[in-house]
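Undergrad: Got a predicted structure plus its sequence, pasted below:
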Amino acid sequence: MTYQHFLFDLDDTLLDFRAAERLSFDQMVDSFGVHAHGPTMFSDYQRENTRLWNDFERRLITKEALKIERFRRTFALHGLDIDPAEAGARYLECLAETVVLVDGAAMLCEALSGVGEVGIITNGIEYVQARRIEKSGLGRWIRFVATSEACGFAKPDGRFFQYAVEKFSRFSKPETIIVGDRLDADVLGANRFGIDSCWFNPHGLASDGAAVATFEAATLAEIHRALVPA
């Protein structure tokens, strides 16, 4: 199959969110003068953040509430009297300016833009993602960015995928593939929407079987070889 429509997740697929997240968290914590709490605070933050994003994807919490609640919970665990709303704002300011590309991301986007159209689909915070894409230099090869914030629905909801694909100049399900690192959002969403998927799995995680990818790759170079005609 020769694909013409390419949907990419952003975080931990094209951009190394794990690296950017840690750098941004450390900068935020340091700005409050509590860097000594950093190592344990970050793991606690990641746990609470993951729980809250899962709740968001199930429509149990709003994104605005999530931005604050993840820090309120983290600070409560450490007995810190820090305004979680202010912490959330400082963190997002840092995150918007912190960009680490996954190896091969620019080359892949450039090559695929010559084959068809590349779109980004993300559950992330819209203004942060827009700034990060701008700083990454990837924007020149991307036709559109579709966010759950603008749509009102999040991956893996089929309504979000329908919202995204309508941004292509034309669209055909058999010619469309999504590339993403999350089985429960990217691959499951593709399964439900009826399009092919590539599970980007650089850490060699085991599949739980709930979502089935068309193929799996450990590097973007593998995806380049699979999707770009020779």
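TA: Thanks, I have it.

Undergrad: count of residues packed around Gly116?
TA: 19 (other C-beta atoms under 10 Å). Every C-beta, even on glycine, is put in place using the N, C-alpha and C of the backbone.

Undergrad: Touching, it and Phe6? I think so.
TA: Yes: look at Gly116 against Phe6 with C-beta atoms under 8 Å: they come within range, at 6.2 Å.

Undergrad: pLDDT (mean, whole number) over the longest helix along the chain?
TA: Identified as the longest helix of the chain according to DSSP state H is helix 38-57. When pLDDT is averaged along helix 38-57, the result is 92.

Undergrad: Of all the residues in it, which ones are buried?
TA: Neighbour counts over helix 38-57 (16 or more other C-beta atoms under 10 Å) mark Met41, Phe42, Asp44, Tyr45, Gln46, Glu48, Asn49, Leu52, Trp53, Phe56, Glu57 as buried.

Undergrad: which residues touch the helix or strand following it?
TA: Remark: after helix 38-57, the chain's next helix or strand is helix 63-77, criterion DSSP states H and E. With contacts defined as C-beta atoms under 8 Å, 6 or more residues apart in numbering, helix 63-77 is touched by 41, 44-45, 48-49, 52-53, 55-56, 61, 81-82, 84-85, 87-88, 91-92, 125, 148-149.

Undergrad: Can I get helix 63-77 as PDB, trimmed to CA atoms?
TA: Extracted C-alpha coordinates of helix 63-77, given in PDB (Å, rounded to 0.1, in the frame of the first residue of the first chain):
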ATOM      1  CA  LYS A  63      -8.000  20.300  30.400                       C
ATOM      2  CA  GLU A  64      -8.100  23.600  32.300                       C
ATOM      3  CA  ALA A  65      -8.600  21.700  35.600                       C
ATOM      4  CA  LEU A  66      -5.900  19.100  34.600                       C
ATOM      5  CA  LYS A  67      -3.300  21.900  34.200                       C
ATOM      6  CA  ILE A  68      -3.700  22.900  37.900                       C
ATOM      7  CA  GLU A  69      -4.700  19.600  39.600                       C
ATOM      8  CA  ARG A  70      -1.500  17.700  38.600                       C
ATOM      9  CA  PHE A  71       0.600  20.300  40.500                       C
ATOM     10  CA  ARG A  72      -1.900  20.600  43.400                       C
ATOM     11  CA  ARG A  73      -1.600  16.800  44.000                       C
ATOM     12  CA  THR A  74       2.200  16.800  43.600                       C
ATOM     13  CA  PHE A  75       2.800  19.600  46.000                       C
ATOM     14  CA  ALA A  76       0.300  18.100  48.600                       C
ATOM     15  CA  LEU A  77       2.400  14.900  48.600                       C
END
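
Undergrad: Thank you kindly, that will do.
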